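# sequence and computational prediction follow.
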Protein chains: 4
Amino acid sequence: MRAAVAGASGYAGGELLRLLLTHPRFEIGALTAATSAGSRLGERQPHLIPLAGRVVEETSAAVLAGHDVVFLALPHGQSAAVAAELGEDTLVVDCGADFRLSSADDWAVFYGGEHAGTWPYGLPELPGQRDVLRGTRRIAVPGCYPTAATLALFPAFAAGLAEPDVVVVAASGTSGAGRSPKAHLLGSEVMGSVGAYGVGGVHRHTPEMEQNLSAVAGGPVRVSFTPTLAPMSRGILATCTAPAVPGLTPAALREAYESAVKDEPFLHLLPEGAWPATAMTLGANTAVLQVALDRRAGRIVAVVAIDNLTKGTAGGAIQSANLALGLAEELGLPLNGVAP
Amino acid sequence: MRAAVAGASGYAGGELLRLLLTHPRFEIGALTAATSAGSRLGERQPHLIPLAGRVVEETSAAVLAGHDVVFLALPHGQSAAVAAELGEDTLVVDCGADFRLSSADDWAVFYGGEHAGTWPYGLPELPGQRDVLRGTRRIAVPGCYPTAATLALFPAFAAGLAEPDVVVVAASGTSGAGRSPKAHLLGSEVMGSVGAYGVGGVHRHTPEMEQNLSAVAGGPVRVSFTPTLAPMSRGILATCTAPAVPGLTPAALREAYESAVKDEPFLHLLPEGAWPATAMTLGANTAVLQVALDRRAGRIVAVVAIDNLTKGTAGGAIQSANLALGLAEELGLPLNGVAP
Amino acid sequence: MRAAVAGASGYAGGELLRLLLTHPRFEIGALTAATSAGSRLGERQPHLIPLAGRVVEETSAAVLAGHDVVFLALPHGQSAAVAAELGEDTLVVDCGADFRLSSADDWAVFYGGEHAGTWPYGLPELPGQRDVLRGTRRIAVPGCYPTAATLALFPAFAAGLAEPDVVVVAASGTSGAGRSPKAHLLGSEVMGSVGAYGVGGVHRHTPEMEQNLSAVAGGPVRVSFTPTLAPMSRGILATCTAPAVPGLTPAALREAYESAVKDEPFLHLLPEGAWPATAMTLGANTAVLQVALDRRAGRIVAVVAIDNLTKGTAGGAIQSANLALGLAEELGLPLNGVAP
Amino acid sequence: MRAAVAGASGYAGGELLRLLLTHPRFEIGALTAATSAGSRLGERQPHLIPLAGRVVEETSAAVLAGHDVVFLALPHGQSAAVAAELGEDTLVVDCGADFRLSSADDWAVFYGGEHAGTWPYGLPELPGQRDVLRGTRRIAVPGCYPTAATLALFPAFAAGLAEPDVVVVAASGTSGAGRSPKAHLLGSEVMGSVGAYGVGGVHRHTPEMEQNLSAVAGGPVRVSFTPTLAPMSRGILATCTAPAVPGLTPAALREAYESAVKDEPFLHLLPEGAWPATAMTLGANTAVLQVALDRRAGRIVAVVAIDNLTKGTAGGAIQSANLALGLAEELGLPLNGVAP
């Protein structure tokens, strides 16, 4: 099957290509971008050795047509127009935010402008979601933070163990902020420093977390979400806490998580006493989880580590694409992190 | 005045010496340590150029006697014995945990063993605390995380704006874990990685946060605290959230924080829209603060950045020592971070 | 074919296992170690998800027997005894230094003690070396720095373009120093800092560079080598310079390098004007090269980036093992770095 | 004395201000910049707490007039015009390259365009240079790499111990590349990666190194210089090697260096066996040195660590300004690094 990547010179696009290069069923077709169109891919993605000489084309429906899968790694707001011109039998996988939210109100508050619509949400681990994704031709890849927070807490909410007053504080590597040169993302600024941003409930990934957890809980879940930027290129560590229901025991909590991850190829619950670190997941499609019950404070604390570009974006995109195309869900996706 | 430093070869000891070297009123007397006794300080603290040739002595009351101030930067549990042998008119400033907690029960639960006692708590910014510290001859320097969390939330609790159900998630640089060689603290392990530890309410700094905030709130405050280790040598960024009291407005919240920091030499509230990053405080005794009201989630979110070794340990120690000795509180303490 | 890894809990062992996990022809057999014997591999290598539950055994010839390949990632000096007990038809691949040097004198000067012998040297890119490696049952994997320096300069020496007065300055990630906890390798020490060590021609990899380049040059080559430690977990960037022969032109130099890398699966010469960075090679078996002629100073400057654990150790080991076992040389080895 | 800083929103300007804030004899006057004119300094330099509210003005001679000292931290090529309008009795200290080179030919080759002239060179450690700087009203602050390389090798050349065929390979933190947002300087690109640039004798600091060392040697010295970018914000570690004169002994080499640094307030020669790391100098005006004789390769290897923004730019500027103004050379300049 032939796969095109729109946005091939950015970080999400580069990660898609890295994974596609070793995927046994995909052949890499068109590579497109905006400002870097016309240049060799090697100028922007020098780590993708076999593609170094490939010329990047201008993003357009004409160039993207004729592929079995088109991955869109475009700035927010650009996917709808491109997707509209691609045939309904082409699988379109959007790594942007345009089609993630089901609530037009949330869209208006957090993104502004008109809501483009809602596509099947590409998080196969959500209860029931694999059936939604099998055979679909449109996929909205989740945001990186919502991927992390949802994977951390869905076992607790699915089992009815948590109250709907969630606090999420997450540290992200800088690649999550993209490749556009901005002064506050310079190496000189971010190295040796952890900083907060988007504080106070204003980050756009907040309603997406609420959407996911509310669906699992069967009722509204409120999330206080604070993102921070950490001095690393990749990785998200999300600390997610919610009040425990009365009487919850550590054993019952552990059992809920063990049960939730049991058949999941990309969820790895650590043994008790070990805690996730992002290095465990570098370049892998794996989410590493752990959970504890803080009886003194009456809260469940779940911690998850993912690679924001792999499980959090490109790997998650390919995982859902595998499902949509009837392939084995794990196909072509690394399980192991590159460490140390 | 002559100052001795016990534990001179560790990170806290090194930072004490760095600050004492430029303090206008202290002369550096005895330097003591355990395993590095007998060696030149330059072997362990090569950044302290003027002290490179000084010989480190064995820690003992005999060596530490005869100074106006003795700073103890020893492993937990060793301060009481040393302090007992120093005269009552010697100012003893303990950077360890031994005398921080007022509750023997909390001590037993979180540290184990017998509680050594309670000394005046060296956080001058706590309401009323300067009066406690002036003239004292014993000071318990706060833990680094409690310093951060207390400074972030005391304005809200002092003004009665927050409910006592606090969640703190903090990222710390690795120097907070000390200088003993341990595999999980190797550069290869920590670079490029954020990881959690001490999750679930078991970190020893938890009851100290509760002690401080409860005192300010005038009633029990519960804290769910999760520490994480970030790939940087220094710095703590603490994200601290508590439910807002009904009807709280952003303006009232801002006003409470502005009022709380107004006369504080080491608290710096950023302009609205800017957020703390640890690099702002590197090597400085300054705590940089910001606060927001998340109306959707109903929570106050306060974020603070400090240097864990400066304001979080050695700078805080000297700030309190200045007060105890009748010096200007700011004397010899850097206000400005080293950035970028 | 079944592969055993001795030293499975160290960094080289972990990287061998990461690569073996996705190698299409190897099945992972015994995992052995010293101090961590008896524990689960997941405690030391949490990024190797599918092996998390495997128990690490004590290193012994009995445990290692019965495999087609045994990879030794042991401390220097331990390989000879283990290898002696393994059958001559078992492929033994030693990632240590014991069998790299052909000169017993060099061994005595740089390592001390008795020279264990010399095995076929596992750098297939050296002219003529593939013939040596095909079918062998003993392989000495090159040191990480010699791999870098040799790949950077062999094209110049093979073409007779360089004088034998080489200066190599290389920056290495900290994983090259291994996993034993040492104070100077703590994250707090290495982050934000580049430092020199082993200066003045005393680093053990010096004679190995000389051995390789002398063989290519057909006469003695002297190397001044200075290693430095950089704040990253992985990667070596080696700047290698030698006087140019009189009359050398940039075009002739470029042509020599293009010709040298033309058929090499793991050597990638960048387009003119682009320069190697270690991130291009993270987790890959690729060496990224560039060369320039500094006419003003009369020197060739060649720069190479590798991942010290992959091409510099474990990937190189598997590349040579593939050759020895009659497999395709590239089998199971990643070409693309994980970036950013 | 009143000091103005032109270029106050960049990294060099910020470091000048950090040092001036605690300098006992300077009062901070006008702060000027280009694009950030009109904004509060706190927006660009949030670590400079006491200046957070100061308004940045447009750079112009009118604004800069009336100060005792004007520090210029402007892009190359802009200093001459500003300086021409400032009175001859104003001390003008240029942190840019415009007035560093004495050879108009070198200027034409390496910078292009017309040579603005040559000002007294602000490296007091160069033999005889203090006499040049005392009382001057124009100072050209050396480049950061030339500061490092010159301090590393001047003792050897001054004592006639080295042949004039120098190889310098230096690792720099990213702040040396300035604050303009560029894609290759993003944190995501530089973290975890060391890369080369400006290879092959083309870096502009090359002729400046040759100028300095030739003056010391009393004859032409050729330098092969390769800069690399390391994953840290600050610091330069330069490995500088030159052939030893015949018969040189380690003792004679050591003696030359000890003698050269003996009365230098900012040069610190480490004890034998210890090697410089940039962390030793973070935020300090100190250069930390070590030297070895590699008898096998016949080369002197000198290694130096400096903070590129302090001793390499702003600290060096103030050191020379102190001399020019008749103040104690060390006034207001930190000796100790901030470590770890």
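Cool, got the structure. Numbering: from 1, shown residues only, chains lettered A, B, ... in the order given.
# quick one: name the residues of the stretch 1-150 of chain A near chain C.
By Cβ under 8 Å from any Cβ of the partner chain, the residues of the stretch 1-150 of chain A that approach chain C are A:11, A:14, A:18, A:21-22, A:40, A:42-43, A:45-50, A:52. Bear in mind the C-beta positions are built from the backbone N, C-alpha and C, glycine included.
# and if we set it to 7 Å?
A:11, A:14, A:18, A:21, A:42, A:46, A:47, A:48, A:49, A:50 (Cβ under 7 Å from any Cβ of the partner chain).
# so which residues of the stretch 101-250 of chain A form strands?
A:138-140, A:165-172, A:195-196, A:222-229, A:236-243 (DSSP state E, counting those that start in this stretch).
# as a markdown table, those with mean neighbour count and distance to chain D would be great.
Shown next, in a markdown table, are these (neighbours: other Cβ atoms under 10 Å in any protein chain shown; distance: least, Cβ to the nearest Cβ, whole Å):
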| stretch | mean neighbour count | distance to chain D |
| --- | --- | --- |
| strand A:138-140 | 25 | 24 |
| strand A:165-172 | 28 | 11 |
| strand A:195-196 | 26 | 10 |
| strand A:222-229 | 26 | 9 |
| strand A:236-243 | 29 | 14 |
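# and the residues of the stretch 1-150 of chain A next to chain C, which are buried?
Using 16 or more other Cβ atoms under 10 Å in any protein chain shown as the burial test, the residues of the stretch 1-150 of chain A next to chain C include A:11, A:14, A:18, A:21, A:42, A:46, A:47, A:48, A:49 as buried.
# ok, so of the residues of the stretch 1-150 of chain A next to chain C, who is nearest chain C?
residue A:47 (3.5 Å; Cβ to the nearest Cβ).
# if I look at that closest one, how far off is residue C:338?
7 Å (Cβ to Cβ, to the nearest Å).
# okay, now the residue nearest to residue A:240 when sequence neighbours are not counted: neighbour count?
Among residues not flanking residue A:240 along the chain, residue A:152 sits closest, at 4.1 Å (Cβ to Cβ, 6 or more residues apart in numbering or on different chains). Number of residues near residue A:152 (other Cβ atoms under 10 Å in any protein chain shown) recorded here: 32.
# please state the offset of the lengthiest helix in chain A from the chain centre?
What stands out as the longest helix in chain A, according to DSSP state H, is helix A:144-158. How far helix A:144-158 lies from its chain's middle: 11 Å, per Cα atoms, centre = their mean, to the nearest Å.
# show me what it is packed against.
strand A:165-172, helix A:206-217, strand A:236-243, helix A:250-261, strand A:287-294, strand A:299-306 (3 or more Cβ pairs under 7 Å, 6 or more residues apart in numbering or on different chains; DSSP states H and E).
# overlap in contacts, residue A:47 and residue C:338.
The overlap between the contact sets of residue A:47 and residue C:338 (Cβ atoms under 7 Å, 6 or more residues apart in numbering or on different chains) is empty.
# rewinding a little: in JSON lines: the helices and strands packed on helix A:144-158, plus distance to residue D:214 and mean pLDDT.
Shown next, in JSON lines, are these (distance: least, Cβ to Cβ, whole Å; pLDDT from 0 to 100):
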{"stretch": "strand A:165-172", "distance to residue D:214": "50", "mean pLDDT": "98"}
{"stretch": "helix A:206-217", "distance to residue D:214": "62", "mean pLDDT": "98"}
{"stretch": "strand A:236-243", "distance to residue D:214": "53", "mean pLDDT": "98"}
{"stretch": "helix A:250-261", "distance to residue D:214": "68", "mean pLDDT": "98"}
{"stretch": "strand A:287-294", "distance to residue D:214": "58", "mean pLDDT": "98"}
{"stretch": "strand A:299-306", "distance to residue D:214": "55", "mean pLDDT": "98"}
